[in-house]
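Novice: Coordinates only, no sequence provided:
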C-alpha cells in the first residue's frame with residue numbers, strides 16, 4: 001500500500017467497520033456499539049470516545065455521518081410496533097478501514113500503520 005494514500009482513498013478502496021456512540025440508557029449514559037454486535041456502556045462521553053478511538057476508529061466526515069444517521073433512523077422507524085430494545089439517541093458514527101491481508105483467503109485486517117500509532121488501553 002502506498003504510504004501517501006489519503007484516508008479518503010483508503011475508505012473508498014477497502015471495506016470498513018462502523019461503530020456508533022449513542023446516549024440515553026439505564027446501564028450507562030453512553031453506549032458504544034462496535035463490530036460483531038459488541039456493546040460497552042460508559043458514564044461519560046469522553047470515556048466512550050477514547051475507548052473506540054483507541055481501537056482505531058475515527059469520526060466519519062459530516063456528510064457521510066449524516067447519511068448513516070438518517071439511514072439508521074429510517075431502519076429503526078420501519079420496525080412495526082417499534083424496536084424491541086431502547087436504541088437511544090445516536091450521537092456519532094465512526095469508521096475504520098479493513099485492509100486486505102495479502103494472503104488469498106480473502107480476509108481483511110486493520111490498517112497496520114494505525115496499529116503502530118495506537119496507545120495500549122489501560
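Specialist: Nice, I can see it. Treat the numbers as computed from the prediction; the structure is a model and nothing was measured. Numbers count the residues shown, from 1 in each chain.

Novice: from here on, contacts and neighbour counts on C-alpha atoms
Specialist: OK.

Novice: Return the longest strand in the chain, judged by number of residues.
Specialist: With DSSP state E setting the assignment, residue counts place strand 89-100 as the longest strand in the chain.

Novice: Remind me what that one packs against, helices and strands.
Specialist: The helices and strands touching strand 89-100, judged by 3 or more Cα pairs under 8 Å, 6 or more residues apart in numbering; DSSP states H and E, are helix 7-13, strand 16-23, strand 58-59, helix 62-77, strand 108-110.

Novice: and if we set it to 7 Å?
Specialist: The elements that strand 89-100 packs onto, with contact taken as 3 or more Cα pairs under 7 Å, 6 or more residues apart in numbering; DSSP states H and E, are strand 16-23, strand 58-59, strand 108-110.

Novice: how about those strands, which one is nearest residue 49?
Specialist: strand 16-23 (7.7 Å; Cα to Cα).

Novice: just to revisit the earlier point, and the longest strand of the chain, which residues are buried?
Specialist: Going by neighbour count (16 or more other Cα atoms under 10 Å), the buried part of strand 89-100 is 90, 92, 93, 94, 95, 96, 97, 98, 99, 100.

Novice: Hey, what's the angle from that strand to helix 62-77? Just curious.
Specialist: Between the direction of strand 89-100 and that of helix 62-77, the angle (axes from the mean of the first three to the mean of the last three Cα atoms, to 10 degrees) works out to 110 degrees.
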